[in-house]
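Undergrad: turn this into a structure:
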Amino acid sequence: MDKSILDKINKFTRRTLSENEVYVFSVILCDNDIDRDCERFSEKALDTLREKFIGKTGIFDHDTSTANQNARIFDTELITDDSRLTQYGKPYVYLKAMAYMVRTDENKNLIAEIDGGIKKEVSISCSAAKRICSVCGNDKNINTCNHVKGKIYGGKLCHNVLDDITDAYEWSFVAVPAQVNAGVTKKYSDDTAVKSQARAIQLCDDELRRDIRRFAYFAGGRAAADIASISAANMNTQQLIALRKSFEAQCGKAKTEVQLEYSAESEDTAESFTMK
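TA: Coordinates of the predicted model:
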């Protein structure tokens, strides 16, 4: 083992450890590709995480009890793989960390599982102050937009870009990570961010329900619009998108671009739809 590695490790120890006392391994913490949650880290965010994860402890399943600590990161680096592109066409960049454990009788089985590839997938816990819509650039932690994660706009997948990292908490061995290549679980420390995300989803769903009612009206009249509204009331986002596409097809939306305008008229006619 290179002396420089031991020097970095011993910055975190109360006494100087020897090569025989430590077990060292590397792990990919996260990357800049779109994950299973339709989110990704910006390269700026990855660089911030590179700094903030030095010294952070490794645990299991994000259980933050002291007894669950098993490793610590002593070095990190960002690596660009120019031979590989992300889903949105940019060079693949990932955050690699070096971690160590003190060899004990208690963790020898864990070390064997790491060497054997059993304990492999990891997840990180951090706080991101910005969630940028990939379509319009809107920060969803401040203002909402009508773009839905996972939906295609202009031939590109809509996703959120996590940026402005405020803190990194820990990293964990997990069974099923969010990121395909490394496994990342994002935990937002600010309740406002969580509420903002829920509000954004609600606004998108409401817009989808309005579109469904409009298309249903043109497909089958007022009765069809009323029935569609009732059906859509308890649907989730994916179901709403599917129903909207169905009515779009019925209205010939797939063949010709239709602009719809809703207008409120008199009390006798509660609502009407105008095509122009």
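Undergrad: for the spatially most central residue of the chain, report the pLDDT, please.
TA: Note on the chain: the residue nearest the mean C-alpha position is residue 39, at 3.1 Å, using C-alpha atoms, centre = their mean. Listed pLDDT for residue 39 reads 92.
Undergrad: and the gap between it and residue 120?
TA: 22 Å (C-beta to C-beta, to the nearest Å). C-betas here are computed from N, CA, C, even on glycine.
Undergrad: on that earlier part again, the residue nearest to the centre of the chain against residue 163, yeah?
TA: No - using C-beta atoms under 8 Å, residue 39 makes no contact with residue 163, being 10.8 Å away.
Undergrad: by residue count, which helix of this structure is the longest?
TA: Ranked by residue count under DSSP state H, the longest helix found in the chain is helix 191-232.
Undergrad: which residue, other than its chain neighbours, is closest to the residue nearest to the centre of the chain?
TA: Excluding its sequence neighbours, the residue lying closest to residue 39 (C-beta to C-beta, 6 or more residues apart in numbering) is residue 160, at 4.6 Å.
Undergrad: what about that neighbour, how many neighbours?
TA: 24 (other C-beta atoms under 10 Å).
Undergrad: does residue 26 touch residue 99 like I think?
TA: Yes - Residue 26 is within contact range of residue 99, at 7.5 Å (criterion: C-beta under 8 Å).
Undergrad: settle it for me: which of these two has more neighbours?
TA: Higher neighbour count among residue 26 and residue 99: residue 99, with 25 against 10, using other C-beta under 10 Å.
Undergrad: what helix or strand is that one located in?
TA: Residue 99 belongs to strand 91-102 when assigned by DSSP states H and E.
Undergrad: so what strands line up beside that strand?
TA: The strands beside strand 91-102 in its sheet (DSSP bridges) come out as strand 22-31 (antiparallel), strand 71-85 (antiparallel).
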